[in-house]
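*Asks:* have a look; sequence and predicted model below, questions after that.
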Amino acid sequence: MTCEEWISRLYEILDHDMDETLWKELEHHMRNCQPCLDRFEFEKAIQQRLSKSCAQETCTESVRIRIRAIFEETQD
């Protein structure tokens with residue numbers, strides 16, 4: 001597997017969205033290619049940070065009330 005092929009599947013790799021055979025081939029490439037491993041770790045860190053920051057966002061009660069009202073209006 002080339003680095004170009006590996007990079008084209010980076011987001012599948014991050015999501016582990018592939019069959020086990022392909023995952024092992026991609027993992028093998030990462031173990032033998034430091035630039036791809038570095039890129040994987042960088043992208044994974046960004047993905048985790050975004051996931052955490054998005055999960056911690058809260059909204060005010062007034063926003064919740066407005067959203068609830070919009071949903072209720074659309075159901076009528």
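*Replies:* The structure has been received and is ready for your questions. Numbers count the residues shown, from 1 in each chain.
*Asks:* centre of the chain to whichever helix in the chain runs longest, how far?
*Replies:* Counting residues, the longest helix in the chain under DSSP state H turns out to be helix 34-56. Its chain's average C-alpha position is 8 Å from that of helix 34-56, according to Cα atoms, centre = their mean, to the nearest Å.
*Asks:* tell me the centre residue of the protein?
*Replies:* Gln47 (4.9 Å; Cα atoms, centre = their mean).
*Asks:* show the contacting residues for that one.
*Replies:* Leu14 (Cβ atoms under 8 Å, 6 or more residues apart in numbering). C-beta: built from backbone N, CA, C; applies to glycine.
*Asks:* and it, how far is that from Phe40?
*Replies:* Gln47 is 10 Å from Phe40, where distance means Cβ to Cβ, to the nearest Å.
*Asks:* joint contacts of these two?
*Replies:* Taking Cβ under 8 Å, 6+ apart as the contact definition, Gln47 and Phe40 share the neighbouring residues Leu14.
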